[in-house]
Every structure is written in structure tokens, then in C-alpha cells.
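Participant: Build me a structure from this.
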Amino acid sequence: VQLQASGGGLVQTGGSLRLSCAHSGFRLDFAAIGWFRQVPGKEREGVSCISVGPNTTKYTDSVKGRFIISRDSAKNTVYLQMNSLEPEDTAIYYCTKGTDWDKVMTGKAEHWGQGTLVTVSS
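Facilitator: Okay, here's the model as predicted:
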């Protein structure tokens with residue numbers, strides 16, 4: 001299983017970024033794919049996830065209404081559209097995939113790739 005996140009960068013407060021996650025490695029028991037973020041020295045924070053099957057999505061409360069997760073199954077890519085960015089969103093964002101929905105949502109799933117840095121300036 002491979003996951004490669006991209007699309008991070010520096011943006012001003014209120015700006016937008018779209019992260020992409022190219023993923024490979026299929027297992028029938030995979031439940032969801034998603035994003036978590038981490039600030040060095042702090043705990044991982046689950047951000048959002050989307051089911052592998054029916055198009056079910058979930059968001060952590062702090063990003064609801066601002067972030068949108070989507071997928072393009074033909075391209076094996078998941079996206080995270082981030083709008084109205086705030087300095088508190090600054091973190092390294094990781095793409096993750098796993099067999100347990102809750103673990104994917106909380107950043108504790110068994111597979112993740114290299115992250116992409118998002119910096120929001122005030």
C-alpha cells in the first residue's frame with residue numbers, strides 16, 4: 001500500500017488549498033481513506049475521511065463547513081479541498097488508509113504516507 005500526499009504550501013488566512021492523495025494497493029477489507037494532521041510535538045488529529053464503498057464522509061468539528069473530501073476512483077486519488085484556512089490549520093497533513101473507519105478518522109490506521117506541509121499565515 002502506498003500513499004503520496006501533495007498540494008501543501010503557504011497561504012494567507014482565509015485562503016484555500018487543495019491536497020491530493022495518490023494511493024495504491026487494494027484490499028477488500030479496506031474501509032476508508034482519509035487525512036490526519038500533526039504539528040511537531042503534538043498528537044495526531046484526524047481531519048476527514050471518506051468510505052471506500054458508498055460515498056460516506058466524516059469531518060472533525062473544527063473543519064466542518066470549510067473542508068471537503070472527495071475521491072476520483074478512476075485515478076485512485078482522494079482530495080481535500082481546504083477553504084477559509086486559519087492559522088490553527090497549520091500542520092503536516094498525511095493521507096491514510098485502513099480497515100477500520102474509526103482508526104482512519106483518528107489518524108491511527110495502519111497505512112499512511114509522507115505528509116505535505118500546510119502553513120497558514122496570519
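Participant: Show me what the worst-scoring helix or strand of the chain on mean pLDDT packs onto, helices and strands only.
Facilitator: Here the helix or strand of the chain ranked lowest by mean pLDDT, DSSP states H and E is helix 101-105, holding a mean of 91. For helix 101-105, the packing partners by 3 or more Cβ pairs under 8 Å, 6 or more residues apart in numbering; DSSP states H and E come out as strand 32-38, strand 45-51, strand 91-98. Any C-beta I mention is one placed from the backbone N, CA and C, and that applies to glycine too.
Participant: Quick one: closest of those strands to Leu80.
Facilitator: Minimum separation from Leu80 across these (Cβ to Cβ) falls at strand 32-38, 5.2 Å.
Participant: relative orientation of the closest one and strand 45-51 in degrees?
Facilitator: 170 degrees (axes from the mean of the first three to the mean of the last three Cα atoms, to 10 degrees).
Participant: Need the three-state assignment for Gly65.
Facilitator: Here Gly65 is recorded as coil under DSSP: H, G, I helix; E, B strand; the rest coil.
Participant: check contacts around Trp35.
Facilitator: Shown in contact with Trp35 (Cβ atoms under 8 Å, 6 or more residues apart in numbering): 5, 19, 21, 46-49, 69, 78, 80, 93-96.
Participant: so what's the residue sitting nearest the centre point of the chain bridging to?
Facilitator: Centroid check for the chain by Cα atoms, centre = their mean gives Trp35 as the closest residue, at 2.1 Å. Trp35 has these beta-bridge partners by DSSP bridges: Ser48, Cys95.
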